[in-house]
Structure formats: C-alpha cells, structure tokens
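1. With the input below, show me the fold.
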Amino acid sequence: MILTPHVAGITEESQRRILRVLADDIDAVLDGRPPASAVT
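-> From the prediction side, this is the model:
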C-alpha cells in the first residue's frame, strides 16, 4: 500500500491559510482553550 497526501488544488495562498489555522489551534491548546478546528 502506498499513501500519498491529497494536494490537488492547493495554492500558495490556501497553504498559508491552512498553516495559520493550525498555528492558531496550537496556540489555543497551549493556552488551555479548545482548538477551533478539532477533529474527533
């Protein structure tokens, strides 16, 4: 089995937005708050 990420359509702008959301979620968790985009 080979696993590859799905990156179709990811632009530089959307990648920056994804990284910003990720960084905001990490900051929230480190501050004791729940992340905005938690996956269960």
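
2. Helices of this structure, residue ranges please.
-> Applying DSSP state H to the chain gives helices spanning 12-30.

3. now the residue located most distally from the centre of the chain: how far from residue 20?
-> Farthest-out residue of the chain from its mean C-alpha position, per C-alpha atoms, centre = their mean: residue 1, at 25.2 Å. Separation of residue 1 from residue 20 (C-beta to C-beta, to the nearest Å): 32 Å. Every C-beta, even on glycine, is put in place using the N, C-alpha and C of the backbone.

4. Likewise for residue 36?
-> 11 Å.

5. Over to residue 29?
-> Distance from residue 29 to residue 20, counting by C-beta to C-beta: 15 Å.

6. next one: stretch 1-20 to chain centre, how far?
-> Here stretch 1-20 shows a centroid-to-chain-centroid distance of 10 Å under the convention C-alpha atoms, centre = their mean, to the nearest Å.

7. and it, how far apart are its ends?
-> For stretch 1-20, the first-to-last residue distance is 32 Å (C-alpha to C-alpha, to the nearest Å).

8. I am finished for the moment; much appreciated.
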